[in-house]
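# need coordinates for the below:
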Amino acid sequence: MAIVKLTDSDCRGVREAPSAAKDTANVMPEHIGIVACSAEGAALCYRTICTEGAGLLGPHAHPEVSMHTHSLAEYMSCIYRGDWPGVGELMLSSANKLAAIGADFLICPDNTIHQALPYIEARSPLAWLHIADVVAGQAVERGFRRLGLTGTRWLVESEIYPGKLATRGLEYVRPDADEREEINRIIMDELVNGVFTPQAVTSFQRIIGRMKAEACDAVILGCTEIPLIMNDANSPLPTLDSTRLLARAALRRAVGTFRSAGA
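This is a model prediction of the structure:
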């Protein structure tokens, strides 16, 4: 099953209406499968789906959500040795487990390991929403043209975002070598472990400020833990929060099927 190819409309989370012949009496919001990697980012994504579902479905309501994650140590063992096919196999293992318990589609609240999706997409039992597609679509919708990119060093040195941005005519600025190492240290030593310090915020503000000076008009928070310390209130640039944007796209996709079926 290939990854879903999203249009800008899809990135806003609305799926095409199902066939008119489909029995709508038993239609429910789709079951969201979360292929998780690091705990803090996955928890924020899960929490966003559950708390914001009420705005679409009513008090306390949200679509069915299931999550599976292998140990972060297993992922990092592959990443440290550059074994992206191995990362993909871990993701595929989670995907198969989620499909087996009834998930309808998949999301991964981890930007970095999207680098492994091409290795497994043809074998995936379910379609995926791609986090960079969602973020790029939101950037276009909000009228941004030149984006700063933040995330782990593996993410910012990859083509995960550049390819998605280029297809929409968006420019981007990567952190320089020293900034990449500082961001990566903060993410891997602090944020994924639930450590949030004023010093980390100051570092991000300095780096984002430099991107602003290079004519960026927004910044991608391209690690799902970064939104735990950075937001529009403390960033020198408007933020594109990859974690919550992915969660909202998943919500709207799941609920879109339910609504368009006339339930």
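# isn't residue 173 up against residue 147?
Yes. At 7.3 Å, residue 173 counts as touching residue 147 under the criterion of Cβ atoms under 8 Å. Glycine gets a C-beta too; all of them are placed from N, C-alpha and C.
# name the residue in these two with the higher neighbour count.
More crowded of residue 173 and residue 147, by other Cβ atoms under 10 Å: residue 147, with 25 against 17.
# who does the helix or strand encompassing the more buried one pair up with?
Taking DSSP states H and E as the criterion, residue 147 maps to strand 146-150. Using DSSP bridges, strand 146-150 pairs in its sheet with strand 171-173 (parallel), strand 218-221 (parallel).
# and the longest one, C-alpha only, in CSV?
Coordinates of each C-alpha in strand 218-221 appear next as CSV, following Å, rounded to 0.1, in the frame of the first residue of the first chain:
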residue,chain,number,x,y,z
ALA,A,218,8.1,31.0,9.3
VAL,A,219,9.9,28.1,11.0
ILE,A,220,9.1,24.4,10.8
LEU,A,221,9.3,22.8,14.2
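# and the contacts of that strand?
The contact list for strand 218-221 (Cβ atoms under 8 Å, 6 or more residues apart in numbering) reads 135, 139, 142, 144, 147-151, 161, 172, 208, 211, 227, 230, 235, 237-243.
# what bridges to residue 220?
When bridges are called by DSSP bridges, residue 220 pairs up with residue 149, residue 240.
# quick check on residue 35: phi, psi?
Backbone torsions of residue 35, given as degrees, to the nearest 10, read phi -90, psi 100.
# ranges for the helices of this protein?
Assigned by DSSP state H, the chain shows helices spanning 8-11, 39-52, 54-57, 72-80, 84-100, 117-120, 131-141, 153-156, 160-166, 177-185, 198-213, 242-260.
# among those, which is nearest residue 110?
Across the helices of the chain, the minimum distance to residue 110, taken as Cβ to Cβ, is reached by helix 39-52, at 6.1 Å.
# contacts for the closest one, please.
Residues outside helix 39-52 that contact it (Cβ under 8 Å, 6+ apart): 32, 34, 36, 62-63, 65, 67, 69, 72, 107, 109-110, 191-194, 223-225, 227-228, 243-244, 246-248, 250-251.
# and these, which are buried?
The neighbour-count test (16 or more other Cβ atoms under 10 Å) applied to those identifies 32, 34, 36, 62-63, 65, 67, 69, 72, 107, 109-110, 191-192, 223-225, 227-228, 243-244, 246-248, 250-251 as buried.
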